[in-house]
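# Here is a sequence together with a model predicted from it:
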Amino acid sequence: MTPPQTIMSCIFCKIISGVVPVPGRGGESPAQILYRDDLVTAFRDIHPIAPTHILIVTNRHIDSVNELEPVDESLVGHMVMVAKQLAAQEGIAEPGYRLIFNTGAHGGQTVFHLHLHLIGGRLARVVVPVSARGFALE
Ligand code: AMP
Ligand code: ZN
């Protein structure tokens with residue numbers, strides 16, 4: 001179980017609770033939560049690697065996919081369904097997009113609060129491990 005001090009210092013927990021504003025496009029436009037319900041919150045990545053780069057994060061602090069329990073199956077399914085809805089909203093359902101759960105150090109995970117990357121808006125080629133984050137899109 002994650003100690004409380006870890007959750008208190010978690011940037012995504014702070015965003016979800018409204019303690020820190022979420023960035024807009026380019027970090028300059030007003031804070032915007034793109035989607036929120038009882039289970040998840042979605043906002044734009046502060047360092048987008050494509051025209052659309054949205055994070056769908058669980059409202060409950062879960063470190064990573066490794067900490068998911070069988071009871072969380074529907075939560076993960078919900079994250080994917082919200083991503084699908086946001087992709088349609090962003091106009092990228094066609095020609096398509098990537099959904100990525102980075103997990104652990106070798107998975108390129110840098111924020112240890114479960115999140116799903118929704119990335120699209122340009123052609124995504126093969127994943128190449130060239131960036132510090134462990135992946136990059138060409
Ligand atoms: P990962 O590397 O899979 O853990 O992804 C974490 C993502 O969170 C990275 O793409 C970061 O750019 C993004 N990120 C970190 N801090 C913030 C923040 N304050 N607001 C929005 N996105 C953030
Ligand atoms: Zn958190």
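Right, received. Where do you want to start? Ligands and ions are numbered 1, 2, ... in the order given.
# can you give me the mean pLDDT across the longest helix along the chain?
Criterion DSSP state H: the longest helix present in the chain is helix 73-90. The average of the pLDDT scores along helix 73-90 is 98.
# For it, name the packing helices and strands.
strand 35-36, strand 40-44, strand 52-58, strand 97-100, strand 115-120 (3 or more C-beta pairs under 8 Å, 6 or more residues apart in numbering; DSSP states H and E). Backbone N, C-alpha and C define where each C-beta goes, glycine included.
# quick one: is the longest one near ligand 2?
Put plainly, it is strand 52-58. No - for a cut-off given as C-beta under 5 Å from the ion, strand 52-58 has no contacts with ligand 2; the smallest distance is 7.8 Å.
# And the contacts of that strand?
Contacts of strand 52-58 with the rest of the structure, by C-beta atoms under 8 Å, 6 or more residues apart in numbering, involve 12, 15-16, 34-35, 39-45, 75, 79, 82-83, 86-87, 90, 92, 97, 113-121.
# near ligand 1, from those?
The overlap between these and the neighbourhood of ligand 1 (criterion: C-beta under 6 Å from any ligand atom) consists of residue 45.
# what are the bridge partners for the residue most central in space within the chain, then?
For the chain, the residue whose C-alpha lies nearest the mean C-alpha position (C-alpha atoms, centre = their mean) is residue 55; its distance is 2.5 Å. Legend: beta-bridge partners of residue 55 under DSSP bridges are residue 43, residue 117.
# Find me the pLDDT at it, would you?
For residue 55, the pLDDT comes out at 97.
# same deal with the one 4 residues further on?
Here the pLDDT value assigned to residue 59 is 97.
# Residue 16 is in contact with that one, correct?
Yes - counting by C-beta atoms under 8 Å, residue 59 sits close enough to residue 16 to count as a contact (5.6 Å).
# which of the two has more neighbours?
Shown here are residue 59 and residue 16; by other C-beta atoms under 10 Å, residue 16 has more neighbours (22 against 16).
# Am I right that that one is in contact with residue 41?
Yes - taking contacts as C-beta under 8 Å, residue 16 lies within contact range of residue 41: 5.0 Å.
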